[in-house]
Structure formats: structure tokens, C-alpha cells
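S.K.: using only what follows, build the 3D model:
(chains A and B)
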Amino acid sequence: MTDTLRTAPSAPAVRTKLVTPARRTALLCGSAVVVLVVLATFSLTHSDIPMSVSVALRALVGSGDGGSVLVVQEFLAPRVAAGIVAGAGLGVAGSLLQRLFRNPLASPDVMGITGGASFGAVSLLAAGASQLLIPLGALAGGLLAALLLGVFAWRSGLGVTRLVLVGLAVQAGLAAAVNFMVVRFPTELAGAALQWTTGSLYGRTWTEVWAAAGATVLVLAVACCLHRRLAVLDLGDESAGALGMNTSVVRLQLLVTAIVLASLAASVSGPVGFVALAVPHLVRFLAGPPTLGTLTLTGLTGAVLLLGSDLVVQHLLPVEGLPVGAATATLGAPFLLALMIRQGRPVDRSTA
Amino acid sequence: MESPVYTQLTELGVPNLICRLVSTNSSDAPTRGLRARGLRTGGLRPERLRRIPFFVVGGAALALCVALSLAMGARPVPLSTVVGALFGDASGADAVAVTGLRLPRTVIGLAVGAALGVAGAVAQGVTRNPLASPTTLGINAGAGFAVVVAIYALHLTQPVEYLWFAFAGAAGAALFAQALARKSDLDPVRLALGGTVLQLVLLSWTAALMLLSQRTLDEARFWLAGSMAGRPLDVVWPVLPTLVIGLVLAFAVSPALNALAIGDDSAQALGVPVARIRLAGGVAVILLAGSAVAVAGPVAFVGLAAPHIVRALLGSDHRVLLPGCLVVGPLLLLAADVLGRVVIRPSELEVGIVTAFLGAPLLALLARKAAR
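M.R.: Below is the predicted model of the structure:
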């Protein structure tokens, strides 16, 4: 009896409106997962050593002949996993930042966080540290950039515009430091440094990928927990304050989450540009206003985009050894142009 | 508790503040009536009183920097020898270092600094945006990309050969940035972000090209840091015409930039041809910033800092701002160059790296002020 009472009012609503935003998001998530699996399989099977899907998948779990197991497990799978982790992290970080700053152009690359990651990585390269330590350097560099950002931008709370502009300054200063080291290095090191400043998935090992993946999953969970507060903050500082929220503290929490995510991603892939900028727009265009579901979709889309770009770099382009960051920047440029021109229309300054 | 001195000061400060507001908002609108009223009621404004000392002190500081630039370096030369070398009656290694290496470098520094300073002032005036400058608009990145493409495709080896490619790249990026600025009129944040994103795209293409070819990396990375070292005076002659035309154009539009500062509609109502002034100012920025980057490579922040320093001291009348930048731009650039030669002696830091290090905190401070 109670069951029928409970279900009765909701049933017609479902029947009249089959494609609710939530269903649509779920559908998009599903298709993103499918595309991700297809792309991952493609990159496992179409390497320098082509193998069939069944052989590649069996090699992934460790059966089959030793050669293909070695190739798949040691060289191909880490690269794919790194792409997924970095793409998801960048996408979610970009989405958080754009909503926090209410500015569609805010992203970790513009604000100097990924620039800080390159600075950290290149500094460790300069110090001659082992290859394994360099991602840690990137992580530390990203956090250092965030710290500088906080120090310069904090003036009785975190204003939106100020943070973005100070981010530009931090970016410029750290880029100068990287530039200094690139000029001073011998040529081979300068090449490696450039690789780190453009963003590349080349040569990742399982140790790096597992560490970054674990940390990323943890921070993503934190982001999901904080999502409700972000939704309140979306109402505007005054409304959120009137609802009893300490906006500066909440913004700081969310900001730290986004920064850690972006730094973790940059520690795997280097500062890959435009994924964090483009993905949230794409998701908003496809799935509508932000919810927890679209946040998931953002992560998945980021992974798809980065993995896809990496495949483009490896297979579609005639030149060998291009960094994936160059491809994402090239894809991002026309997109960005369109965004700018659309933005050029007069906007309501109270929301900007 | 407010001290009597404080209240006195605020009492004095009120008309001062009003003066300041008048001078920044409608700074010398080209109507006789306003100016006449100003003369009748207030006499000289504080900014106007500061002009003569500013130019005297600025000129003296510039002369000091020129002297230091000639004397300092891996081999410090006493000033007497410098004077002797310049006027021809000294010889030896010191004299050769002064006339052969440091004199061209100093002359280049003067020219490039002046071009950058004035370009920054005009860019800020035309876009009505305190954050506009050759660096933040992506002009330097455009020049860098063009030069790297040229090195990659055409196998260039001499900085002299990069000249016109740098110029073309700068012009392309500047055109793009100005189209962007037109679209996003009046929003400093958006323009700065747009310029940064343009810069990011160009930088990543530059890096990709350099990764593809070791030779390009070797050739380009020193030029990309921005430096005035090791360039003969010959690199200045080709850009001299563009430099001079740019400066003349900039000074020609400077009175109209004041009218532009009060808004497009008001300027139009005062009879200023807004679109034509924008165009002329844009061309001046391209010519000046393009010449500067062609000679010295991408040097950051001089174009941003010089107008702000002058504006803080002399107010925002463009007819004074531009001559002020003509002094402060070279001053900043030469000071940075001398600093770069002194800090890690006997080696030296490229001037572009010094200005970027010093300029980043400045941009952060400006950002704090611009975004309340």
C-alpha cells in the first residue's frame, strides 16, 4: 500500500519526460566509458608491434607469450593509464576552477599551476635527480605555484579577479625560471626540459602511474564530498554567505582540491595545455548545468580527450616524437578562439 | 584617534584628490572651456609641478645607467678609460671592450627600451586596459614562434637574419590580440587571459618544433631568452625606419588617447575619430613592439612596467606619459641588463630573464590593485 502511494506521483513524470538531465548525463557517462575502452584497446593493439585485440588483452592480464606481455605491461599500459589519470584530473580540476572563479577561461594552465609543475620538474632535472623523483618535483612545483598564488592574492579573502591575475604573474615568473634553466642546460638536458614543459605521456613507469592514480582517486573523492558546497557557492558569495557559509574558507578548500588535482595530473603528464580549459565547456554544452553527475562526466571526457590526443600524436601525425601537449594546444586554439568571440558579446558584469 | 597632522593632511588632500580625479577621468579633454576653468580655479596641478624634476632626475638616472652599462661587465672598466675610449684617445683591450661590445649593446638597449616603453603606453591607451603590454598581448610569443619556424625551415644561423621573421610574427600576434581586445572591450581580466592563452598556444608550438629538431633548439633557445649581448649595431639600422615611424605615430595619437580614455561615446562626441585613432595606435604598437623584439628577442615586462611607473608619478595625460616612457623604458632595460651582468659574474644573465624575474612580482602587485 505504502509502496503504491510512494511510486504513484513520480511515475507519470518519468513517463512524460523520458530524457531527464540525470539520465542524459548517465547515458553520456556510459558512452564516454565505452569510447575510453575502445581508445585504450586501440592504443594497446596499434603500437610499433601490432597485435590482435585478444592477444593484447590477454597480455594485459599476464598470459600469452613473454614478448607481448612485456610490451603491453611495461610500455603500452602505463602510457594509457597515465593518460587516463592525467586527463581525468585535469578535466575535474578545470571544471572546479571555472566554477570557483565564475570565469570560463580559468584553468590550471592559465593560473600558473602547471607552469609551477614544469618549474619543479625542470629544477630536479637541473639538480640531476633520478627519473623517478621528477614527478614528485612536478607535484611540489605545482603546490609551490599555488602557495605563491595564495600569498600574493590573499587580501582579506580570495577575490576572484585578483586570483586569476596573480596567477598570470606567478605563471610568468616561473616561466622565466624555466627559461633560465633551458638556456643554461647542455642541449640534451634542454630537450628533456622542453619535453617536461610541453606535456608528454612518453616513458611513464608503473611506479609513477600507480602513485599518481591512488592520490588522484583520493582527491577526486574529496572533490565529490565538497561538491555540495560548491553548488551553494555557485549561488554567489552573498547568497552563500546568507545561507551560513564561510565563503572564503570553502573557496580555499575547493581551490586546494583543484590545485592538488592539477598538480598530480601534471606530475604524470607534464603541463598538458587546454584539456582543463576545454573539457568543462564541452561537458556543459553536452550535459547542461553542473551536477555531481556532470563532474564525473568531466573526468571521463578529460581522459578520453587526452588519450585521443595521445593517439593522434602517435599515429595520425607524420612526425615522430611530438609531445601530446602540442596536439592539445593545437586542438584547443580554434576552440578557444570561438569561445573568445562568443564571450565578446556584452555580458552582465555582475556575474563576471 | 586621528592626529591633528592627519586631519590637516586630509583637509589638504581633498582638493588634491579632486584634482587627481579630474585629471585622470577627463584628462585634458580637448575642449578649451575645461582647460580654461582649470586654470582659473586651481592653477598648476601637482602632477604638472612634478614634470620638470621627473625629467631631470630620470635623465640623470638614464645617464648613470648608460655609464654603468659601458663600464660594468665581465671586465670592469674604470670610467676614465670609458670616456677615453669613446672619444678616441685610448687603446687596448679595455677600450675595445667598450667601443666594440658595450657601446652597441647600450645603444640597442636605449632603442629597444624606448620602443617597448612607448609601445606599452600606447597599447594601454588604445585598449583602455592597464594590463596591456607587448608581453601580455602575446606579441613576444608570436615573434618567438615565427623565429623558431624560420630557423627550422630555412636553417638560419644569425640573429640578424631573424629580424624580419620576428617582426612578422609580432605583427601577426598583435593583430590577433587587438581583434580580441576589440571584442572584449574594457575587461582587463579577459584581455590578459586571452593574451596568456594565445601565448600558451604559441609557446607549445614553439616547444614542439624545438623538440623535433635538435639544431633548432640549439639555435633558438638563446634568442628566445631575450638578450642584447653579441649583437652588432647593424641589427638596429634595418628597424630604424619602423622604430621612428612608430614613435612619430605614437606621439601623433597621444592627445587623442586622452579623449579615448573617457570612453568611446564621449570621445566620439568630442569629435575624435575613434576608429581611426585605434587603428593608428595599433599600427604604432605593432611597429614599436615588432622592432624591439626583432632586435633584442622577447624581453618581458618593460612595456608593462614603464607606463605604470610614469603614470604613478606624472598622472595619466598621454602627452606627458609618452615622453616619460621614452625615459623610463630605456632606464629599466639598461638597469636590468647591468644587473644581469653583475649578479653571476663572470657569466651573465640574459636581460629577458632578469626583466621577467623582476616583472612578475610587479604584475602581481598591479593585479592586486587592478582587481579590487
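
S.K.: hey, let's count contacts and neighbours off CA atoms from now on
M.R.: OK.

S.K.: poorly predicted segments of chain B, please.
M.R.: B:1-47, B:90, B:181-190, B:370-372 (pLDDT under 70).

S.K.: how's it carved up into domains?
M.R.: Residue ranges for each domain of chain B read B:1-43, B:103-370, as given by automatic domain parsing.

S.K.: now the closest residue to residue A:64 other than its chain neighbours: which helix or strand?
M.R.: Excluding the flanking residues, the one nearest residue A:64 by C-alpha to C-alpha, 6 or more residues apart in numbering or on different chains is residue A:58, at 6.2 Å. Using DSSP states H and E, residue A:58 maps to helix A:53-60.

S.K.: next one: residue A:152
M.R.: helix A:134-153.

S.K.: list the buried residues in whichever helix or strand comes after that helix.
M.R.: The helix or strand immediately downstream of helix A:134-153 is helix A:160-184, counting by DSSP H and E. Within helix A:160-184, the residues that count as buried by 16 or more other C-alpha atoms under 10 Å in any protein chain shown are A:160-183.

S.K.: related to what we said a few turns ago, what helices or strands is the helix holding residue A:152 leaning on?
M.R.: helix A:113-127, helix A:160-184, helix A:247-269, helix B:351-370 (3 or more C-alpha pairs under 8 Å, 6 or more residues apart in numbering or on different chains; DSSP states H and E).

S.K.: what residues of whatever helix or strand comes next after the longest one count as buried?
M.R.: What it means is helix A:160-184. Using DSSP H and E, the helix or strand that directly follows helix A:160-184 along the chain is helix A:187-198. By 16+ other C-alpha under 10 Å, the buried positions in helix A:187-198 come out as A:187, A:189-191, A:193-198.

S.K.: quick revisit: any chance of JSON lines for the helices and strands packed on helix A:134-153, columns distance to residue B:309?
M.R.: Formatted as JSON lines, these follow (distance: least, C-alpha to C-alpha, whole Å):
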{"stretch": "helix A:113-127", "distance to residue B:309": "28"}
{"stretch": "helix A:160-184", "distance to residue B:309": "18"}
{"stretch": "helix A:247-269", "distance to residue B:309": "33"}
{"stretch": "helix B:351-370", "distance to residue B:309": "11"}
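
S.K.: out of the ones you listed, nearest to residue A:306?
M.R.: Residue A:306 sits nearest to helix A:247-269 of all the helices and strands packed on helix A:134-153, at 9.8 Å, using C-alpha to C-alpha.

S.K.: show me what counts as buried in that closest one.
M.R.: A:247-248, A:250-251, A:253-269.

S.K.: ok, which of those also contact chain B?
M.R.: Among these, no residue sits close to chain B (C-alpha under 8 Å from any C-alpha of the partner chain).

S.K.: on that earlier part again, I'd like the average pLDDT over the helix holding residue A:152.
M.R.: Averaged across helix A:134-153, pLDDT comes to 86.

S.K.: for that helix, output the C-alpha coordinates as PDB.
M.R.: Taking C-alpha atoms only, helix A:134-153 is exported to PDB below (Å, rounded to 0.1, in the frame of the first residue of the first chain):
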ATOM      1  CA  ILE A 134      60.900  14.200 -11.200                       C
ATOM      2  CA  PRO A 135      57.200  13.700 -11.000                       C
ATOM      3  CA  LEU A 136      57.500  14.500  -7.200                       C
ATOM      4  CA  GLY A 137      59.300  17.600  -8.200                       C
ATOM      5  CA  ALA A 138      56.400  18.500 -10.600                       C
ATOM      6  CA  LEU A 139      53.900  17.900  -7.800                       C
ATOM      7  CA  ALA A 140      55.900  20.100  -5.400                       C
ATOM      8  CA  GLY A 141      56.300  22.800  -8.100                       C
ATOM      9  CA  GLY A 142      52.500  22.900  -8.700                       C
ATOM     10  CA  LEU A 143      51.900  23.300  -5.000                       C
ATOM     11  CA  LEU A 144      54.600  26.000  -4.800                       C
ATOM     12  CA  ALA A 145      52.900  27.900  -7.500                       C
ATOM     13  CA  ALA A 146      49.700  27.600  -5.600                       C
ATOM     14  CA  LEU A 147      51.400  28.800  -2.500                       C
ATOM     15  CA  LEU A 148      52.800  31.900  -4.300                       C
ATOM     16  CA  LEU A 149      49.300  32.500  -5.700                       C
ATOM     17  CA  GLY A 150      47.800  32.400  -2.200                       C
ATOM     18  CA  VAL A 151      50.500  34.700  -0.700                       C
ATOM     19  CA  PHE A 152      50.100  37.300  -3.400                       C
ATOM     20  CA  ALA A 153      46.300  37.100  -3.800                       C
END
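
S.K.: quick one: it to chain centroid distance?
M.R.: With C-alpha atoms, centre = their mean, to the nearest Å as the basis, helix A:134-153 stands 16 Å off its chain's centre.

S.K.: and stretch A:275-289, by the same measure?
M.R.: With C-alpha atoms, centre = their mean, you get 12 Å for stretch A:275-289.

S.K.: let's see that stretch as CSV, backbone CA atoms only.
M.R.: Presented in CSV, the C-alpha positions along stretch A:275-289 are these (Å, rounded to 0.1, in the frame of the first residue of the first chain):
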residue,chain,number,x,y,z
VAL,A,275,42.4,19.8,-21.6
ALA,A,276,41.4,21.6,-18.3
LEU,A,277,40.1,24.5,-20.3
ALA,A,278,38.1,22.8,-23.0
VAL,A,279,36.6,19.8,-21.2
PRO,A,280,34.3,21.7,-18.8
HIS,A,281,32.9,23.7,-21.7
LEU,A,282,32.3,20.6,-23.7
VAL,A,283,30.5,18.9,-20.9
ARG,A,284,28.4,22.0,-20.2
PHE,A,285,27.4,22.0,-23.8
LEU,A,286,26.5,18.3,-23.8
ALA,A,287,25.0,17.8,-20.4
GLY,A,288,23.8,21.2,-19.2
PRO,A,289,24.1,22.7,-15.8
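
S.K.: so residue A:314 makes contact with residue A:327?
M.R.: No - between residue A:314 and residue A:327 there is no contact under C-alpha atoms under 8 Å: 10.4 Å.

S.K.: more neighbours: these two, which one.
M.R.: For the pair residue A:314 and residue A:327, the greater number of neighbours falls to residue A:327 (25 against 20), based on other C-alpha atoms under 10 Å in any protein chain shown.

S.K.: what residues of the helix or strand harbouring the more buried one count as buried?
M.R.: Residue A:327 belongs to helix A:324-343 when elements are defined using DSSP H and E. By 16+ other C-alpha under 10 Å, the buried positions in helix A:324-343 come out as A:324-333, A:336-337, A:340.
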